[in-house]
Each structure stands twice: as C-alpha cells, then as structure tokens.
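>>> Can you look at this prediction? I've put the sequence above it.
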Amino acid sequence: MRRVLLAALALAAGGVLAAPVRLDDSASPRARIDVSPRWLGEHESAGDRDWLHAMVAEASNVEVRLDTRAYVGRRGKIYLAVPAQVPGLMSPTALRVSWLSRGGFASGEAIPGSRTLVYDGAISAPVTVVRLDFRFELDARFVGPGLRVDPYFEIEPEP
C-alpha cells in the first residue's frame, strides 16, 4: 500500500519512480573474498567499553566489474547495498560495512538492510569497473558460525 501511494505521488508530481535493479557483478575477478577478523584494540576504540566485543575484517583493493551495458548513454544512480538478512549474524546492529573508493565511486558505509549512493551520473561504459577497500566492523556477541556478507550494487536508471 505504501509503495502504491509513493508511486501515485511521484506520478502526480510529474516524476517517474524508477525501481532499483540489481547489477550483475559476476565478471569481477574474485567472486568470493575470504577475510579473517581480528579483535579491535583499545587504542582503535571510540572510548567506550563496546570495544571489548569489537572485531574488524578488511579486504583491500577489491575490483568490482558491474554489467552496465543496458544503461550506456543514460544517467543513473548506483547504490551499494547490504542485505537485510546476513547468514551468521544474529542482530543487524552487529555489522557495519564501510568502504573507501579508489576512484569513480563515493566512499561510504551501510548496515544490513540499507544502501548507500556511490555514483550519480552518466553511464558511459558497458562494464563499470571500480576498486574498493572494504572494512567490516562486527560485534562478536552477535556473530555465529557461517558468517557471510554479500554486499551488492543496484542501479536506478533515469528514463
């Protein structure tokens, strides 16, 4: 009902509401990246006692190749999203994914069930290539076996 109302409001305002489309990243060199979390040290904490349960894992220079051929010559917004359901995570508040871009996309962060705008502009190539340094911050009290975080990219193309 809420989605229908939003679509009706957008059409009434003269705009077109573009549904996000998940981008295929299967051409990326590494489909799976294994990382080893480490305990966060007190000197890295924000000054509270939560650092006692904090773990961090990092993956540097991750190359992502996004299939954007259907959108070449159009403008669009690309988002990095973290699924709401993360296997091995017992609470969505126990994970924060952040990234630094090595060019082309914006740096940012997201939590399970959210997405962050990383690009807003013209799509000029059939494959959009970006390199990111990922950081995964975890609260060890809410992490179970088989933790698997699969961030993905979505595009909202303009008509």
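All right, it came through fine. Numbers count the residues shown, from 1 in each chain.
>>> Which parts of this protein are strands?
Under the criterion DSSP state E, strands of the chain are mapped to 21-22, 38-39, 54-67, 75-81, 95-101, 108-110, 115-122, 127-139, 152-157.
>>> Let me know which of those strands is tucked in deepest.
strand 75-81 (a mean of 20; mean count of other C-beta atoms under 10 Å). C-beta here means a position set from N, CA and C on the backbone, and glycine is covered the same way.
>>> That one pairs with which strands?
strand 115-122 (antiparallel), strand 152-157 (antiparallel) (DSSP bridges).
>>> sorry, back to before: quick one: the strands of the chain as TSV, columns for mean pLDDT and distance to residue 87 too.
Listed next are these as TSV, based on pLDDT from 0 to 100; distance: least, C-beta to C-beta, whole Å:
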stretch	mean pLDDT	distance to residue 87
strand 21-22	98	18
strand 38-39	88	21
strand 54-67	95	15
strand 75-81	98	16
strand 95-101	97	12
strand 108-110	98	17
strand 115-122	98	19
strand 127-139	96	14
strand 152-157	98	14
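>>> returning to that earlier point: can I get the strands paired with strand 75-81 in CSV with distance to residue 57?
Formatted as CSV, these follow (distance: least, C-beta to C-beta, whole Å):
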stretch, distance to residue 57
strand 115-122, 19
strand 152-157, 18
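>>> that older thread, got the strands of the chain as TSV, with distance to residue 28 columns?
Output for the strands of the chain, formatted as TSV (distance: least, C-beta to C-beta, whole Å):
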stretch	distance to residue 28
strand 21-22	14
strand 38-39	25
strand 54-67	5
strand 75-81	13
strand 95-101	14
strand 108-110	18
strand 115-122	15
strand 127-139	9
strand 152-157	10
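>>> mind checking which of the ones you listed is nearest residue 89?
For residue 89, the closest of these is strand 95-101, at 5.7 Å, according to C-beta to C-beta.
>>> Once you drop chain neighbours, what's closest to residue 112?
residue 92 (4.0 Å; C-beta to C-beta, 6 or more residues apart in numbering).
>>> who are the neighbours in contact with residue 79?
When contacts are counted by C-beta atoms under 8 Å, 6 or more residues apart in numbering, residue 79 touches 20, 115, 116, 117, 118, 153, 154, 155, 156.
>>> ugh, wrong one, residue 84
92, 112, 113.
>>> Would you report the backbone torsion angles of it?
In terms of degrees, to the nearest 10, the main-chain angles of residue 84 are phi -70, psi -40.
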